[in-house]
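Trainee: Quick one: sequence and predicted model below, then my questions.
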Amino acid sequence: MVNGRPVWLCCGALAGALLLTGCSGTGDGGTAGSDGSKDPTASSGTRSSPAPSPSATGLDFTPDPGRAPKTPAEALRLARAVAAAPVNWGPGFVRRSPYESEPGKWPVLDANCVWEREPLPATVLATLTRYSELPAEDGKGPIRVAAVVTVHRTAKDADWEMAETLEEALRCPDQQLRQGERISDLLSQGAGYGALGNFNSEDTLTESGKYYSDELGGPHYYYWVQSRVAQVTVAVVGRGAEGRTEDEVDAALNQGTGQMLSLVESELEAPE
């Protein structure tokens, strides 16, 4: 059980789960756009599992209801303040083009296991994805990463997203991201606060698999992490390439995740 609801594990426990560590810093703005790739906050839109409910946080964090976003504009401001920029992933990372997704839409995994972008559901105030990469050099391919911040109307709505997302790898272990890109052999796992090294969020999900692209070949390393604090979910996804190690990708994801979780708490925390 995670946060009082069932957890579905795909093909056993996921080895080598990232340990999430906090850090500080700020994001930056960018040019709106979307490259059509899988945003790690995607939801299938189905609600077949028992209704989840947010649990009491074990975090040393008390949200201030007065600071919680209540409008799309407030939510988008928070998302822009939190979403990781190139500097937050590590030395050498730069913006990809397009740099930001279209805020009014998010990806949905359809019945054929293909990702499509659709308008935001009523439960979501705003979502934003930023795309960065460590460019190819010295015979090594690029490391491509994305950071997603989704602001829900309530913590219960955010918990729904976590529950639904966990089931997607079970339903679709092989997925088409966009034309010329796919992932396969997906394994997923969920952990509440205090489980499997998760001491930075109320709930966290991880997903690993193999990444293939017409441009970069494959299989290459694929890893994804999504975490929830109050009404906000943050997610990171990393894709390796020829000559890049899993540790290189994981280091960037750890840095990006810790950065965003720290900023979410700063945005929502009650004053002392």
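Mentor: All right, it came through fine.
Trainee: make it CA atoms for all contacts and neighbour counts henceforth
Mentor: Fine.
Trainee: Number of residues surrounding residue 214?
Mentor: Neighbour count of residue 214, defined by other CA atoms under 10 Å: 10.
Trainee: Would you confirm that it contacts residue 181?
Mentor: Yes. Residue 214 lies in contact with residue 181 (CA atoms under 8 Å); the separation is 6.6 Å.
Trainee: and the helix or strand of the chain with the lowest mean pLDDT, what other elements does it pack with?
Mentor: Across the helices and strands of the chain, the lowest-confidence element by mean pLDDT, DSSP states H and E is strand 181-192, at a mean of 82. The contact analysis (3 or more CA pairs under 8 Å, 6 or more residues apart in numbering; DSSP states H and E) places strand 181-192 against helix 155-171, strand 175-178, strand 203-213.
Trainee: buried sites along the helix or strand that contains residue 247?
Mentor: For residue 247, the host element (DSSP states H and E) is helix 246-268. By neighbour count on 16 or more other CA atoms under 10 Å, the buried set for helix 246-268 is 246, 249-250, 252-265, 267-268.
Trainee: ok, back up a step: the helices and strands packed on strand 181-192 into TSV, with extra columns for mean pLDDT?
Mentor: TSV is the format used below for the helices and strands packed on strand 181-192 (pLDDT from 0 to 100):
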stretch	mean pLDDT
helix 155-171	85
strand 175-178	90
strand 203-213	90
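Trainee: Let's have these in TSV, adding distance to residue 90 and mean neighbour count.
Mentor: As requested, the helices and strands packed on strand 181-192 are exported to TSV (distance: least, CA to CA, whole Å; neighbours: other CA atoms under 10 Å):
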stretch	distance to residue 90	mean neighbour count
helix 155-171	27	21
strand 175-178	25	20
strand 203-213	21	22
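Trainee: Thank you, goodbye.
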